[in-house]
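**Q** everything below, folded, please.
(one chain, ligands or ions: 1)
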Amino acid sequence: MSELVDIIAEKFNTTTPQIQCLDHGFVRLIDMMPRLVPKGQTADFRACQAARVSYGNGTKTLNEDTSLLRYLMRHRHTTPLEKIRFEFHVKLPLFVCQQWLRHRTGTFNQLSLRYSESKNEFYIPDKGNLRTQSEKNKQCSEGVVSGHEVDFIHEHLEISCDQTYDQYMQFLDLGLCREQARMILPANLYTEFYWTTDLHNLLHFLALRCDNHAQKEIQDYGNAILTLIKEVVPVSIQAWEDYHPMRGGMLLTKDEVDAFKRYIEDKKTGEYEACFTEKIPEINTATKREVNEWQDKARRFGFN
Ligand SMILES: Cc1cc2nc3c(=O)[nH]c(=O)nc-3n(C[C@H](O)[C@H](O)[C@H](O)COP(=O)(O)OP(=O)(O)OC[C@H]3O[C@@H](n4cnc5c(N)ncnc54)[C@H](O)[C@@H]3O)c2cc1C
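**A** Numbers count the residues shown, from 1 in each chain. As a prediction, the model looks like this:
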């Protein structure tokens, strides 16, 4: 049997690598399965091993493993990816936690403010990260607040957190139970949880939460996780970056494929010469949002 190494310790020189997020938060990789891997390999090997069990084939070369993993990712044969599991310790503001908890495919154990008193730790964004409301997307922010307003907002955020925390402690002193005193605490209070998930579901989480439609604060956590797992499952991550439609890949609708076909037909018949302005071929769909999405995709092909 080949020598086994602790993949986390080997890649990070520590057994619990951690990346700082926001002002007081972090993501820490505390465990994974497989953790002991054959020397010279990464944890990707477990997904290949699982995929091969169906036809009884043993270990293959690293090149064969890479192409098998890329095949699995391209064709959405996802159960072998579920054989790789991760455990993270995360410290994050409550409003980010609320978004995270919507992901039902992992398991959570969260700090309880019924058992213990809250700490005086609140997320206060840097002055350069106080963002303005997006006009294009009702959910998103874009740009930053400028001028004197920045100092005002920043200062009042700090004051209001301090005052609220004092009030919380006063409630406890007055005999109110912890489970009710916490009602007053704001959404930027830090909490912590342990999160267990597998590679397939983690990649789903990362596709949604590293995307620029997600709130910037949760994007920071998603990107921290990506930085950590890239070291231990690099082949899977590269395949995901290359093929996933929310990463390097692209999903075309029937309408969009038809628009391309018409464009190429025109090109073949020579009409292309007359009509070609490098403008984005039109799609027939009625919704403005779908047209905008198509235009974003077409620009990636070099259309204007
Ligand atoms: C940018 C963004 C904006 C959002 N805005 C809002 C919002 O305004 N309001 C709001 O309420 N939510 C919002 N959400 C949350 C969103 O609707 C999902 O709840 C969240 O992203 C979790 O996604 P999921 O269900 O795919 O993930 P998971 O719960 O991790 O599930 C992964 C996959 O497993 C399958 N699955 C899991 N459980 C079930 C089940 N019970 N039945 C069938 N299939 C299941 C599904 O295929 C699912 O995609 C937003 C999310 C994002 C990323």
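**Q** going by C-alpha atoms from here, please, whenever you check contacts or count neighbours.
**A** Will do.
**Q** where in the stretch 201-304 of the chain is pLDDT low?
**A** 270-278, 286 (pLDDT under 70).
**Q** what residue in the stretch 151-300 of the chain comes nearest to the ligand?
**A** The ligand sits closest to Ala214 of the stretch 151-300 of the chain, with a gap of 4.0 Å, by Cα to the nearest ligand atom.
**Q** can you count the residues close to the nearest residue to that residue once chain neighbours are set aside?
**A** Distances taken as Cα to Cα, 6 or more residues apart in numbering put Leu208 closest to Ala214, at 6.9 Å, once the chain neighbours are dropped. For Leu208, the count of nearby residues is 15 (other Cα atoms under 10 Å).
**Q** so Leu208 sits in a strand?
**A** No - assigned with DSSP: H, G, I helix; E, B strand; the rest coil, Leu208 falls outside any strand and is helix.
**Q** I'd guessed it sits against Gln215; true?
**A** No - taking contacts as Cα atoms under 8 Å, Leu208 lies outside contact range of Gln215: 10.3 Å.
**Q** which parts of this structure sit against the ligand?
**A** Counting by Cα under 6 Å from any ligand atom, the residues of the chain lying close to the ligand are Arg102, His103, Arg104, Thr105, Leu208, Arg209, His213, Ala214.
**Q** let's go with 8 Å and repeat that
**A** Residues of the chain that fall close to the ligand, judged by Cα under 8 Å from any ligand atom: 99-100, 102-106, 139, 201-202, 204-205, 208-209, 211-215.
**Q** which among the residues you listed count as buried?
**A** Among those, the ones that count as buried by 16 or more other Cα atoms under 10 Å are Trp100, Gly106, Asn201, Leu202, Phe205, Arg209, Asp211, Ala214, Gln215.
**Q** now find how far off-centre the helix or strand hosting the fourth one is within its chain.
**A** When elements are assigned from DSSP states H and E, Leu202 belongs to helix 199-209. A distance of 6 Å separates the centroid of the chain from that of helix 199-209, by Cα atoms, centre = their mean, to the nearest Å.
**Q** which residues touch it?
**A** Helix 199-209 is contacted by residues 78-79, 81-86, 103, 105-106, 214-215, 218-219, 222-223, 226, 240, 246-247 when judged by Cα atoms under 8 Å, 6 or more residues apart in numbering.
**Q** among the residues you listed, which ones are in helices?
**A** Ile218, Gln219, Gly222, Asn223, Leu226, Trp240 (DSSP state H).
**Q** for the fifth one, give me its contacts.
**A** Going back to what we said before, that points to Leu226. Taking Cα under 8 Å, 6+ apart as the test, what Leu226 contacts is Leu206.
**Q** from Thr164, how far off is it?
**A** 35 Å (Cα to Cα, to the nearest Å).
**Q** and what of the last one?
**A** In this structure, Trp240 and Thr164 are separated by 44 Å, where distance is defined by Cα to Cα.
**Q** neighbour count for the two, which is higher?
**A** A direct count of neighbours by other Cα under 10 Å for Trp240 and Thr164 places Trp240 higher, at 21 against 16.
**Q** for the more buried one, give me its contacts.
**A** Contact analysis of Trp240 by Cα under 8 Å, 6+ apart lists Met73, Leu203, Arg247.
**Q** can you show me the helices along the stretch 51-200 of the chain?
**A** For the stretch 51-200 of the chain, the helices defined by DSSP state H, counting those that start in this stretch occupy 62-74, 94-100, 148-173, 178-181, 199-209.
**Q** just say which of those is most tucked in.
**A** Of these, the one with the most neighbours on average (mean count of other Cα atoms under 10 Å) is helix 199-209, at a mean of 19.
**Q** if we ignore the residues flanking it in sequence, what's nearest Asn212?
**A** Distance criterion Cα to Cα, 6+ apart; nearest residue to Asn212, sequence neighbours excluded, is Gln219 at 7.5 Å.
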